[in-house]
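# Okay, predicted coordinates and the sequence, questions at the end:
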Amino acid sequence: MSSMQPDPSHVRIFDTTLRDGEQSPGISLNTAEKLEIAHQLARLNVDVIEAGFPIASPGDFEAVEAISREVQGPIIAALARAQAPDVEAAARAVRDAERPRIHTFISTSDIHIVHQFRSTREDILAQARASVAHARSFVEDVEFSPMDATRADLEYTAEVCAVAIEEGATTINIPDTVGYTTPEEYKAYLEGLYRLIPELKDVIVSTHCHDDLGLAVANSYAGALAGARQIECAINGIGERAGNASLEEIVMLLATRGDVSGLHTTVTTRELARTSRLVSRLTGYVVQPNKAIVGRNAFAHESGIHQDGVIKERTTYEIMDATTVGLDANSLVLGKHSGRAALKQTLAELGFTVEGAALNTAFKRFKQIADKKKQVTAMDLEALVTDDLRDELASYTLDSFDVEAGSDRPPHARVTVTLPDGETAAAEFSGDGPIDSVFAAINAATGIDAQLQAFRVDAVTGGQDALGETSVVLEYDGQSASGQGVATDIIEAAGIAYMRALSNVVRKAQAASQLVDVGANEPVPTP
Ligand code: KIV
Ligand code: ZN
């Protein structure tokens, strides 16, 4: 095959962790965190990164623009409703990308057309035509999605997609927006579109399946069997409601059973586990232990019979090798006496470029944990470096805390904090437990009555001296947001996570109260 010809068995991986994934409740990534994830997605070698929805907020716009400027390799896509201001914001945000794409969408199901858009099929068709044409005036690579396609009339959806292709769309994505379809039905739907639109064979057909019935990966696979050569998915399957098709599952399905499908991706599978950990850590969304491919137990054998088999011959009970997904990466990487240069070099090997002030901070934190821990592993370093990204937008910080607790008196905490205006404030509180007392004292010191929705503590690695990693979800003024913290002392890690969640939720509440009106005088909803 000539290098100019697209490979017909290549399935493109379109990652939407930073767009659909970021719409999961409680996730609030700052630009530095989104950039770190985007760089890791580039190392994973995905084909397309959907970096965000630029019209949604100035923060979304800034992140898409930064990713477009800094991340090389994958196509960088920005989402836009089928409206001129959305398309223009998307075009501006991806202007500096090496390979920019605008992804525009509008619903074709009558349920959406009648109840949500209060419109008509004719009007929707005209909007689809105009928005694809408008997007093509800015970029050559335009994707069009008929939202809620799987609950829409096939003939009408085909008519809208044909118009999109006529106006220059290069990818047609068929969303199962509410996770309603089944593999057979979705395959038949795509085959129906191929039959009704002869030009469909000249563009890339894409899947976008939600997991409401647990079928997102199966449906995406069925779509690929019908001819789709792009799959939209998210790391750890995060996304709206039950989430999107999980990237690691669909990639390893194609890698492991390419013998039956004849299809493959060009993802660097050894990066899967690390990408999963990074996304989990920055979003605060835990990966369940039995999660396929990247769960803690995905390659663990409990039964004696299985262990015996694997010791004799790995393939007796393993269909994949843990090393192919990078689950073997937690070997010792640095000793207690390692210097700054060794740390920089090891971080570079782990894929992090840390220099200047950030390297000084990372070195200081490395020394702190090296004094307490016998072994500093790759996972510890990942946890530290990603933890430092989180302070970028922290407007409230914890300066000190002091907790007294014992069996004969209620736990009592004193805290001092720095407020957004640079002033410091102190408060104390006696609560139900030491961590509860710290949280209540922080509320008293900041004057913000945030409500704790969720709190979690995990160990970064095993062992008594493990780093503690905490996640806090707070609700305030109708908004919810999470924050994470890492430290060898879990009360400190919890206090740090609480301050970050507080900074994020206050920022979200302020942004919600200042939302700009777009077009129809309505705040921009996420799709
Ligand atoms: O689920 C959906 O339909 C979407 C579209 C914007 C593609 O996320
Ligand atoms: Zn979606």
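Happy to help now that I have it. Ligands and ions are numbered 1, 2, ... in the order given.

# Pretty sure His208 sits against Asn173.
Yes: taking Cβ atoms under 8 Å as the contact criterion, His208 and Asn173 are neighbours in contact, 5.3 Å apart. For the C-beta atoms, the positions are set from N, CA and C on the backbone; glycine is no exception.

# ok, Leu44 - contacts?
Neighbour list for Leu44: 15, 267-268, 271-272, 275 [criterion: Cβ atoms under 8 Å, 6 or more residues apart in numbering].

# longest single helix anywhere in the chain?
With DSSP state H applied, the helix covering the greatest number of residues in the chain is identified as helix 490-513.

# That helix packs against which elements?
strand 397-406, helix 434-446, strand 451-459, strand 468-476, strand 479-487 (3 or more Cβ pairs under 8 Å, 6 or more residues apart in numbering; DSSP states H and E).

# State the number of residues packed around Asp110.
15 (other Cβ atoms under 10 Å).

# who touches it in this structure?
With contacts defined as Cβ under 8 Å, 6+ apart, the neighbours of Asp110 are 121, 152-153.

# Equivalent analysis for Gly26, please.
284, 453-454, 473, 480-482.

# cool, and Ala511?
When contacts are counted by Cβ under 8 Å, 6+ apart, Ala511 touches 57, 59.

# Asn443 versus that one, what's the distance?
Counting by Cβ to Cβ, to the nearest Å, the gap from Ala511 to Asn443 is 21 Å.

# so where's this protein shaky on pLDDT?
Across the chain, the ranges flagged by pLDDT under 70 are 1-4, 329-332, 374, 389-393, 462-464, 514-523.

# okay, now the domains of it?
What automatic domain parsing lists as the domains of the chain is 12-283, 332-389, 397-514.

# got the end-to-end distance for the first one?
According to Cα to Cα, to the nearest Å, domain 12-283 extends 25 Å from its N-terminal end residue to its C-terminal end residue.

# ok now it, how far from the chain's centre?
Once both centres are worked out by Cα atoms, centre = their mean, to the nearest Å, domain 12-283 turns out to sit 13 Å from its chain's centre.

# Is any residue of it near ligand 1?
Yes: interface with ligand 1: domain 12-283 contributes 20, 105, 145, 147, 175, 177, 208, 210 (Cβ under 6 Å from any ligand atom).

# Identify whichever of the domains of the chain lies nearest to Val294.
Of all these, it is domain 12-283 that lies closest to Val294, at 3.9 Å by Cβ to Cβ.

# how far away is Ala322 from Thr269?
When Ala322 is compared with Thr269 (using Cβ to Cβ), they lie 11 Å apart.

# still on that earlier bit, quick check: neighbours shared by His208 and Asn173?
Listed as contacting both His208 and Asn173 by Cβ under 8 Å, 6+ apart are 145, 232.

# More neighbours: which of those two?
Summary of the neighbour comparison: His208 and Asn173, criterion other Cβ under 10 Å, with His208 having more neighbours (31 against 24).

# Closest one to ligand 1 out of the contacts of Asp110, please.
Proximity of those to ligand 1 was ranked by Cβ to the nearest ligand atom; the top entry is Ala152 with 11.2 Å.

# quick one, what contacts the closest one?
Taking Cβ under 8 Å, 6+ apart as the test, what Ala152 contacts is 107-110, 146.

# In strands only, show me those.
Taking DSSP state E as the definition of strands, the contacts of Ala152 contribute 107, 146.

# Only whichever of the contacts of Ala152 are buried, select them in ChimeraX.
If you want just the buried ones from the contacts of Ala152 in ChimeraX, going by 16 or more other Cβ atoms under 10 Å, the selection is:
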select :107,108,109,146
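
# rewinding a little: could you redo the contacts of Gly26 as JSON lines and give each row distance to Ile197 and neighbour count?
Written out in JSON lines, the entries for the contacts of Gly26 read as follows (distance: Cβ to Cβ, whole Å; neighbours: other Cβ atoms under 10 Å):
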{"residue": "Gly284", "distance to Ile197": "42", "neighbour count": "25"}
{"residue": "Gln453", "distance to Ile197": "46", "neighbour count": "16"}
{"residue": "Ala454", "distance to Ile197": "46", "neighbour count": "14"}
{"residue": "Val473", "distance to Ile197": "44", "neighbour count": "22"}
{"residue": "Ser480", "distance to Ile197": "42", "neighbour count": "22"}
{"residue": "Ala481", "distance to Ile197": "43", "neighbour count": "26"}
{"residue": "Ser482", "distance to Ile197": "43", "neighbour count": "25"}
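
# now the helices for the stretch 101-250 of the chain?
Counting by DSSP state H, counting those that start in this stretch, residue ranges of the helices within the stretch 101-250 of the chain are 110, 121-136, 154-166, 183-196, 216-226, 247-256.
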